[in-house]
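just to be clear, the model below is a prediction. Sequence and coordinates:
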Amino acid sequence: MCQPQPPSGRRPPSSGAGRQREAALECPGCGAGRQGRRRDRGRRGFCAIIRGHDCRETPSDGNPVNWTEQLILLLVSLVANVFSAFAGGGAGLLQFPALIFLGLPFGVALATHKVASVALGVGATLRHLREKSLEWKFSLFILATGLPGVIVGAAFILDVPDALARLALGVLTIGLGLYSFFNRQLGLTHAPRHRTRHGYIAGGLGLFAVGVLNGSLTSGTGLFCTLWLVRWFGLDYRRAVAYTLVLVGLFWNGAGAVTLGMLGEIRWSWLPALLIGSLLGGYLGAHWSIIKGNLWIKRSFEIVTLLVGLKLIF
């Protein structure tokens with residue numbers, strides 16, 4: 001027998017089982033249904049942290065970050081950038097996974113991390129400029145050869161097979177640490193070399209390749225630049241780290257952040273804590289690297305490369 005249809009625009013009353021099915025279709029973490037709104041009114045649900053979704057806002061607006069999360073971001077950024085500024089790279093070892101854990105998608109986390117890394121370069125620059133250890137002509141050479149690679153890497157990041165790239169980069173990064181460890185005198189003295197035309201051409205190609213990695217991958221690429229400056233151009237670790245932090249941290253990461261920001265999305269509401277931690281961490285790490293000297297920097301470099309490599313692989 002036909003059932004009478006309800007008037008247009010009105011829903012028929014639901015049975016108890018029907019209301020349970022409707023509730024199951026609502027967001028389980030936020031409690032977006034009728035019962036969930038009564039139970040969880042005024043606060044974010046579990047899925048806001050795990051999935052980066054909050055039913056009180058549109059996905060493009062970004063998550064509201066409470067004071068606890070801001071404190072976590074600040075502490076993680078501070079610790080990561082202190083070690084990065086001391087060893088010459090590796091801030092993404094802690095900072096980038098933290099952004100993923102707190103709910104940002106990979107591309108948004110990468111762009112946000114790149115912007116925060118610029119503050120690392122600013123903090124390190126403020127400290128290293130006091131030492132006057134940078135040659136401006138050599139600095140311009142590093143910028144001219146590395147920046148195009150950064151832009152290329154950031155523009156074509158989506159075309160890179162992520163799993164294979166991370167595995168290869170992880171193995172290569174571990175190789176950097178082992179190479180430095182078994183070459184006991186590497187980087188302990190400043191002995192410039194390969195300052196001829198052919199030397200600059202080969203060195204520039206190497207910096208371009210490092211720039212491509214810097215623009216497209218998450219962590220460890222500053223370590224490549226540091227070791228390349230030590231191995232090819234004969235810098236000691238203290239000078240190589242200074243160039244890496246100032247030029248890679250400030251200009252390379254800045255170019256990568258701009259490119260990724262134009263192609264994707266940056267989570268601006270997360271940046272205040274990240275920028276403060278990166279700025280302070282960059283200054284403190286640079287200060288300690290100047291005080292402790294080459295041997296401490298060399299050992300820190302080797303430890304950080306092994307940790308970054310293992311993180312990329314596993």
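Cool, the structure landed. Numbers count the residues shown, from 1 in each chain.

flag every buried residue along stretch 106-117.
Neighbour-count burial for stretch 106-117 flags 108-117 (criterion: 16 or more other C-beta atoms under 10 Å). No exception for glycine: its C-beta is placed from N, CA and C like everyone else's.

of the residues you listed, closest to residue 285?
Within the buried residues of stretch 106-117, the smallest distance to residue 285 is 12.8 Å, found for residue 117 (C-beta to C-beta).

mind checking pLDDT for the closest one?
In this model, residue 117 is scored at 86, pLDDT.

what of the one 3 residues further on?
Residue 120 is assigned a predicted lDDT (pLDDT) of 89.

which SSE is immediately downstream of the helix or strand hosting it?
Following DSSP states H and E, one finds residue 120 within helix 106-128. Next along the chain after helix 106-128, taking DSSP H and E as the criterion, comes helix 136-155.

so what touches that next one?
Helix 136-155 has contacts (C-beta atoms under 8 Å, 6 or more residues apart in numbering) with 200, 203-205, 207-217, 225, 243, 246-248, 251-252, 255-256, 259-260, 263.

try it again with 7 Å
Applying C-beta atoms under 7 Å, 6 or more residues apart in numbering, the contact partners of helix 136-155 are 200, 204, 207-216, 243, 247, 251-252, 255-256, 259-260, 263.

drop anything exposed from these.
Neighbour counting with 16+ other C-beta under 10 Å marks 200, 204, 207-216, 243, 247, 251-252, 255-256, 259-260 as buried within the contacts of helix 136-155.

just checking, which of the residues you listed belong to helices?
Of the buried ones among the contacts of helix 136-155, the ones assigned to helices by DSSP state H are 200, 204, 207-216, 243, 255-256, 259-260.

okay, residue 165: pLDDT?
69.

for residue 272, same thing?
Residue 272 carries a pLDDT value of 91.

and the gap between it and residue 203?
For residue 272, the distance to residue 203 (C-beta to C-beta, to the nearest Å) stands at 38 Å.

who has more neighbours, those two?
Shown here are residue 272 and residue 203; by other C-beta atoms under 10 Å, residue 203 has more neighbours (20 against 14).

the more buried one contacts residue 195, correct?
No. With contact defined as C-beta atoms under 7 Å, residue 203 does not reach residue 195; the gap is 9.1 Å.

so what's residue 125 closest to, chain neighbours aside?
Spatial nearest neighbour of residue 125, excluding adjacent residues (C-beta to C-beta, 6 or more residues apart in numbering): residue 246 at 4.8 Å.

who touches that neighbour in this structure?
By C-beta under 7 Å, 6+ apart, the contact list for residue 246 reads 121, 124-125, 128, 134.

hmm, 8 Å instead?
Going by C-beta under 8 Å, 6+ apart, residue 246 touches 121, 124-125, 128-129, 134, 139.

same question, residue 303
Residues in contact with residue 303 (C-beta under 8 Å, 6+ apart) are 87, 177.

what pLDDT does the spatially closest residue to residue 208 that is not a sequence neighbour get?
Once flanking residues are discounted, residue 208 sits nearest to residue 149: 4.1 Å by C-beta to C-beta, 6+ apart. Model confidence at residue 149, given as pLDDT, is 88.

quick one: residue 149 from residue 312, how far?
Taking C-beta to C-beta as the measure, residue 149 falls 19 Å from residue 312.
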